[in-house]
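Chemist: Sequence and predicted model, in that order:
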Amino acid sequence: MYRLLMAIRPEALPIDTAALTEMVLALDAENEKLRVAMQTLKDMIFGKRSERLVALVAEQLGFELGDLETGAAPPVPANDDAPAAKPAGKPRKKARRNIGALPKHLPRCEQVLEPDTAGCPCCQGQLHRIGEDVSEVLDVIPAILRVLRTIRPKYACRSCTDGVVQAKVLPRLIESGMASTALVTHVVVSKFAWYLPLYRQVQILAGQGIHLDRATLASWVKRAAWWLKSLYELQLQTIQATPRVFCDETPMPVLDPGRRRTRICQFWAHAMDDRPWGGPAPPAVAYVFADGRGTDEIAGQLVGFSGILQVDGYAAYKALARGHGGAIRLAFCLAHARRKFVEVYKTTRSPFAHEVIERLQAVYAIEAEIRGSSAEQRLAARRARTAPLMEALKARLTEMVGRFFSQSKLVEAINYALNHWDGLTLFLSDGRVEVDSNTVERSMRPIAMGRRNSLFSGSEGGAESWAILASLVNTAKLHELDPQAYLADVLERIVSGQTKSHQLHELLAWNWKAAPEGTAQAAA
């Protein structure tokens, strides 16, 4: 590869045709890399973080060459988060929108507006009620801070000299503290469910006349995590006991006081969700804090695991699978493979990249149709309809890989798909396997949102508390529970001793929701 650091002078050009051809190819590869890097930086700074083909607007498609200049309409969006387009011929379902229907379970507070006068405007006679007009609007009562006084009366018999009777002191989340369980839960949920940093919560409390230090709120959060650690560990063990686990990792900056800067640690996410095929595993996620993202970290977290691991193409997962002698099978993410072609198309407008995206979109359309079917039905549909599409795609990738410059981004995308082909097509032999790892990637978004607002974790202990509380809160959200009601009730039961250590499974979000009292609180 020629790397020219100064302007090329005519006398410096090689005379030999082969050498001149090599120089041109090298310069073209270098220019392509620079163009891709520049476009990537522009997308990171100015663009939306989306993979929708709809972003590649019609007027841009008009500049394509060859078979793309057919005047056809732009393809449907290639977005991991949006359902694939339904085939033509089936009626499109109406979008579910709330245009004013108010939930029936909410309490009604009536406000009656009487006329200014009770007499007839004509004859001043007595009016009688003939009907009414009723309208409803959604109202809110802002959070009210109050002081909860606990009074324990003492009773004694006047005829006896001793024998004072008094109720026992209730166990408290924070002994000798000034915060109730409900307030601590409010702080935890505000931070880990709604991404409100502690310093902002301090400012909100100050607006209501309550002046607290951020360190005080941090100590409350740490104490709540201490009480909930056993439930979190049970949730993590439950996920890892399933035969199919989704896994992903994301950076987590942690403050390093000695160096007065942050160091990059990791949050690993383990998730399960059998809803797409009606399986037994409910949706759940558990985050694990670790110093790094190497093979040793993930191997230590998955000790004893055997089954299918749905992941991206990160090398640590491949090393983990090799070290377990076939006990762990990797199902790679088709969305990651597609994303590489989307990036190439956005920067180079490659017709072949566009072709691959359309082929994969057809696969996602089939998946949208069979979502919710049994594993057997999904497997039969995949073998009959999806397998030929994937075989044709592999043949096309193999055919085209040698036609492009070996160092181009398009060749990198093709090689990634071919090198991971067995894992990318594992879903064709098992109806329980998903085509991508979006299940766990969606669970990473709350961590990213909290990291963006809080910037970093103050310590390793704080990061561990973050992992514990975020796991429970986000799993409750996956089950459409009110995190405040769920977490407050769980803490009350654990602190009071109402739920013993051998009964902790009752407090897992899906079991709590299924219990009669949990169902009532979820609807309240």
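Modeler: On my side now, so go ahead. Since the structure is predicted, the reported quantities are computational estimates derived from the model, not experimental observations. Numbers count the residues shown, from 1 in each chain.

Chemist: hey, where'd the strands end up in the chain?
Modeler: 154-155, 165-166, 244-256, 261-272, 284-290, 307-311, 328-332 (DSSP state E).

Chemist: Tell me which residues touch His324, please.
Modeler: His324 makes contacts with Ser306, as judged by Cβ atoms under 8 Å, 6 or more residues apart in numbering. (C-beta placed from N, C-alpha, C; glycine too.)

Chemist: change it to 10 Å
Modeler: Counting by Cβ atoms under 10 Å, 6 or more residues apart in numbering, His324 makes contact with Ala299, Leu302, Phe305, Ser306, Leu309.

Chemist: hmm, back to that, what's the closest of the strands of the chain to Ile494?
Modeler: Closest of the strands of the chain to Ile494 is strand 284-290, at 17.7 Å (criterion: Cβ to Cβ).

Chemist: That closest one pairs with which strands, and in what direction?
Modeler: When pairing is defined by DSSP bridges, strand 284-290 lines up against strand 261-272 (antiparallel).

Chemist: Make CSV out of the strands of the chain and add mean neighbour count, mean pLDDT and distance to Gly402.
Modeler: Shown next, in CSV, are the strands of the chain (neighbours: other Cβ atoms under 10 Å; pLDDT from 0 to 100; distance: least, Cβ to Cβ, whole Å):
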stretch, mean neighbour count, mean pLDDT, distance to Gly402
strand 154-155, 8, 90, 90
strand 165-166, 10, 90, 87
strand 244-256, 20, 93, 33
strand 261-272, 20, 94, 38
strand 284-290, 24, 96, 41
strand 307-311, 22, 96, 29
strand 328-332, 22, 95, 23
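
Chemist: if we can go back for a sec, most neighbours among the contacts of His324, which one is it?
Modeler: Leu309 (24 neighbours; other Cβ atoms under 10 Å).

Chemist: partner residues bridging that one?
Modeler: In beta-bridge terms (that is, DSSP bridges), Leu309 pairs with Val245, Leu330.

Chemist: quick one: contacts for the closest residue in space to Met400 that isn't next to it in sequence?
Modeler: The shortest distance from Met400 to any non-neighbouring residue, by Cβ to Cβ, 6 or more residues apart in numbering, is to Phe352 (5.9 Å). Contacts for Phe352 (Cβ under 10 Å, 6+ apart) come out as Phe341, Val344, Tyr345, Arg396, Leu397, Met400, Arg403, Phe404, Leu410, Ala413, Ile414.

Chemist: same check, this time on His186
Modeler: Contacts of His186 (Cβ under 10 Å, 6+ apart): Ala143, Leu145, Ala179, Ser180, Gln201, Trp220, Gln484, Leu487, Ala488.

Chemist: Tell me which of the residues you listed has the lowest pLDDT.
Modeler: Lowest pLDDT among the contacts of His186: Ala143, with 83.

Chemist: And the pLDDT at the residue of the chain positioned farthest from its centre?
Modeler: Largest separation from the mean C-alpha position in the chain: Cys123, at 68.4 Å (Cα atoms, centre = their mean). pLDDT, Cys123: 83.

Chemist: Kindly report the same for Tyr195.
Modeler: Tyr195 is given a pLDDT of 94.

Chemist: How far off centre is the longest helix seen in the chain?
Modeler: Criterion DSSP state H: the longest helix present in the chain is helix 17-46. In terms of Cα atoms, centre = their mean, to the nearest Å, the gap separating the centre of helix 17-46 from the centre of its chain is 35 Å.

Chemist: tell me what that helix is packed against?
Modeler: Other helices and strands packing on helix 17-46, by 3 or more Cβ pairs under 10 Å, 6 or more residues apart in numbering; DSSP states H and E, are helix 334-348, helix 409-419.

Chemist: Could you identify which of those helices is most buried?
Modeler: helix 334-348 (a mean of 22; mean count of other Cβ atoms under 10 Å).

Chemist: Give me the angle between that one and strand 307-311.
Modeler: Counting by axes from the mean of the first three to the mean of the last three Cα atoms, to 10 degrees, helix 334-348 lies at 20 degrees to strand 307-311.

Chemist: which strands and helices sit next to helix 334-348?
Modeler: helix 17-46, helix 351-370, helix 409-419, helix 421-424, helix 438-454.

Chemist: Report the angle between it and helix 17-46.
Modeler: On the basis of the same axes, to 10 degrees, helix 334-348 is oriented at 110 degrees to helix 17-46.

Chemist: excluding its backbone neighbours, what's nearest Asp43?
Modeler: Lys346 (7.2 Å).

Chemist: my guess is that neighbour meets Arg35, correct?
Modeler: No: taking Cβ atoms under 10 Å as the definition, Lys346 is not a contact partner of Arg35, at 11.3 Å.

Chemist: pLDDT below threshold where in this protein?
Modeler: 1-12, 14, 16, 18-20, 22-23, 25-26, 29, 47-91, 98-100, 517-524 (pLDDT under 70).

Chemist: give me that answer again for 80
Modeler: 1-33, 35-37, 39-101, 118, 124, 161-162, 258, 260, 402-407, 516-524 (pLDDT under 80).

Chemist: With distance to His128 as extra columns, can I get the helices and strands packed on helix 17-46 in a markdown table?
Modeler: A markdown table is the format used below for the helices and strands packed on helix 17-46 (distance: least, Cβ to Cβ, whole Å):
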| stretch | distance to His128 |
| --- | --- |
| helix 334-348 | 68 |
| helix 409-419 | 79 |
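
Chemist: so which of those helices gets nearest Pro446?
Modeler: Among the helices and strands packed on helix 17-46, helix 334-348 sits nearest to Pro446 (Cβ to Cβ), with 19.1 Å.

Chemist: Measure how that closest one sits relative to helix 438-454, angle-wise.
Modeler: 60 degrees.

Chemist: Could I have the CA atoms of helix 334-348 written out in CSV?
Modeler: Below are the C-alpha coordinates for helix 334-348, written out as CSV (Å, rounded to 0.1, in the frame of the first residue of the first chain):
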residue,chain,number,x,y,z
LEU,A,334,-28.3,-11.2,11.8
ALA,A,335,-29.0,-7.6,12.6
HIS,A,336,-25.3,-7.0,13.2
ALA,A,337,-24.4,-8.5,9.8
ARG,A,338,-27.1,-6.4,8.1
ARG,A,339,-25.9,-3.3,9.9
LYS,A,340,-22.5,-3.5,8.2
PHE,A,341,-24.1,-3.5,4.8
VAL,A,342,-26.3,-0.5,5.8
GLU,A,343,-23.2,1.4,6.8
VAL,A,344,-21.6,0.7,3.5
TYR,A,345,-24.7,1.7,1.5
LYS,A,346,-25.0,5.0,3.4
THR,A,347,-21.4,5.9,2.6
THR,A,348,-20.8,4.5,-0.8
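
Chemist: Distance from the chain centre to it, please.
Modeler: Counting by Cα atoms, centre = their mean, helix 334-348 comes out at 21 Å from the chain centroid.

Chemist: Please renumber the chain so that the first residue is 190 from this point on.
Modeler: Shifting the count to begin at 190 puts that one at helix 523-537.

Chemist: That one versus helix 598-608: what angle between them?
Modeler: Using the same axes, to 10 degrees: helix 523-537 against helix 598-608 is 170 degrees.

Chemist: quick one on the thing from earlier: mind telling me the two of the contacts of His375 farthest from one another?
Modeler: The widest separation within the contacts of His375 (Cβ to Cβ) is 18.7 Å, between Leu334 and Leu676.
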